[in-house]
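Colleague: Sharing a sequence plus its predicted fold:
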Amino acid sequence: MKLLIWDIDGTLTYTPGLGRRAMERAFEEEFGVSGALEGVPTAGGLDVEIVGQVFRRYRLPESRLQSYFDRYLRILEELLASPHAGGPTPGVVEALERLSARKDVIQVLGTGNIEPGAWIKLRRYRLDRFFETGGFGEKPGPRWTVIRTAIDRAREHYGIGDLRPEDIYVIGDTPRDIEAGRHLGLRTVSVATGPFDAGELARHRPDHLLPNFASPWEHIFFP
């Protein structure tokens, strides 16, 4: 059995700048703060930590955090419903279909998105049909904790026992995905469909590096 843990932004989907725009617009509407994410790195980060940096920078009341996220989710859904650049990354739908047809593969999410935001993004492109559970960016901490949660939830949801680390793959588009997988001793698959090109990802030494998902690549899991 192979467990595949998928990132969303830049990996399953490519919507350049849309999530950031939704966050910034929510800060402007909720608190009157414009350009709130200026200087805040977002690639591979957890939503709760990205937003938390802005709350601390502007000394915003933590009691308004849930209200902020509620507004962000409404704006995110609105932006995704309007015409915009992006969609599923090249070849990913076909790859998900091939993998989901196998009885020796389980696919879950391992994303920095808060869970409601993750499902909003996936539903927009009908990718939610491939996933049932995963780890999400709702609690502060290193990214590997999201992957650890994804593994635990996969075991509980699918009733699987312990898997060998070499049978668990973290699939993502940023160095943080590689670092999270390596921290847990897992296999890492990097794809250059996000903000980092193949050369930048290669410097972090993933186990496998793909330009995109356009060509069949499942031999990685089943050599």
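Modeller: That came through, no problem. Numbering: from 1, shown residues only.
Colleague: So which residues of the protein form helices?
Modeller: Here the chain has its helices, by DSSP state H, at 18-31, 47-57, 65-81, 92-100, 115-124, 144-158, 175-183, 198-202.
Colleague: So which of those is the most surrounded?
Modeller: helix 175-183 (a mean of 22; mean count of other Cβ atoms under 10 Å). Using the backbone N, CA and C atoms, a C-beta is placed for each residue, glycine as well.
Colleague: The spatially closest residue to residue 69 that is not a sequence neighbour and residue 184: what is the separation?
Modeller: Sequence neighbours aside, residue 114 is the residue nearest to residue 69 in space, at 6.4 Å (criterion: Cβ to Cβ, 6 or more residues apart in numbering). Remark: distance between residue 114 and residue 184 (Cβ to Cβ, to the nearest Å) = 22 Å.
Colleague: can you check residue 9 too?
Modeller: 21 Å.
Colleague: neighbour count winner among those two?
Modeller: Per other Cβ atoms under 10 Å, whichever of residue 9 and residue 184 has more neighbours is residue 9, with 28 against 16.
Colleague: okay, that one: pLDDT?
Modeller: Listed pLDDT for residue 9 reads 95.
Colleague: So if we follow the domain assignment, how does this protein break up?
Modeller: 2-14+87-220, 18-81 (automatic domain parsing).
Colleague: tell me the mean pLDDT over the shortest one?
Modeller: I take that to be domain 18-81. Here domain 18-81 scores 95 as its mean pLDDT.
Colleague: What is the distance between that domain and the centre of its chain?
Modeller: 17 Å (Cα atoms, centre = their mean, to the nearest Å).
Colleague: Let me know how buried residue 86 is, in neighbour terms.
Modeller: 15.
Colleague: and the gap between it and residue 17?
Modeller: Taking Cβ to Cβ, one finds residue 86 at 9 Å from residue 17.
Colleague: And for the protein, the residue most distant from the center?
Modeller: Largest separation from the mean C-alpha position in the chain: residue 32, at 28.3 Å (Cα atoms, centre = their mean).
Colleague: and that one, what does it touch?
Modeller: By Cβ atoms under 8 Å, 6 or more residues apart in numbering, the contact list for residue 32 is empty.
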